[in-house]
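[1] dropping a prediction and its sequence here:
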Amino acid sequence: MKTSVAIYPGSFDPVTNGHLDLIERGEKMFDVLIVAVLRNAEKQPLFTVPERVEMLREVTKEWRSVEVDVFDGLLVDYARKRGAAVILRGIRAVSDYEYELQMALMNRKLEPRLETVFMIPGEPYSYLSAIAQHGAPLKGLVPAIVEARLRAKMS
Ligand code: PNS
């Protein structure tokens, strides 16, 4: 039987309820879903890669087919290494589209067999970005353990 392996790549700095919503949807669609954290993505991340991985593992532990991993270099190389046929990405608003289109087309050019699949997260999560830096209320936007970590980091 064919096993479908999908990769959900990102910075996950930190994981939000919007990410979790997408992981939950992806987990239902694919046999294996690899949540892959890009190493060295941003110059000044809020959380270190090990911290981000630890939080992701904690909030995804109920799903046996979800794996959390770290990658560097090109996503297509990592996808080949992991035997993945699909890249999963979330699109919230129209403003995400241009960036996602460029990335999907570039990845297709680099590896035509790799398909990018877009999903739309639940409506309440659609307008969430850069929440922590602005000191906005966090309740309901991030998992409880992430909220505690963010508060500790901010104080
Ligand atoms: O959560 P983000 O920061 O929007 O995720 C972006 C990510 C990690 C998916 C993207 O930057 C990426 O895939 N980087 C790896 C380098 C790569 O493969 N670049 C070519 C595609 S444009």
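    Cool, got the structure. Numbers count the residues shown, from 1 in each chain.

[2] which stretches of the protein have low pLDDT?
    For the chain, the stretches with pLDDT under 70 are 1-2, 41-42, 125-138.

[3] recalculate using a threshold of 80.
    Along the chain, the model assigns pLDDT under 80 to residues 1-3, 40-43, 123-140, 154-155.

[4] write out the residues of it neighbouring the ligand.
    Within the chain, the positions near the ligand by Cβ under 6 Å from any ligand atom are 9-11, 38, 41, 74-75, 103, 106-107. All C-beta spots, glycine's among them, are computed from the backbone N, C-alpha and C.

[5] can you pick out the most distant pair from the residues you listed?
    Spanning the widest gap among the residues of the chain next to the ligand are Ser11 and Met106, at 17.4 Å by Cβ to Cβ.

[6] so between the two, which is more surrounded?
    More neighbours surround Ser11 than the other of Ser11 and Met106, with 16 against 13 (other Cβ atoms under 10 Å).

[7] looking at it, the more buried one is touching Pro45, isn't it?
    Yes. Assessed by Cβ atoms under 8 Å, Ser11 is found in contact with Pro45 at 7.2 Å.
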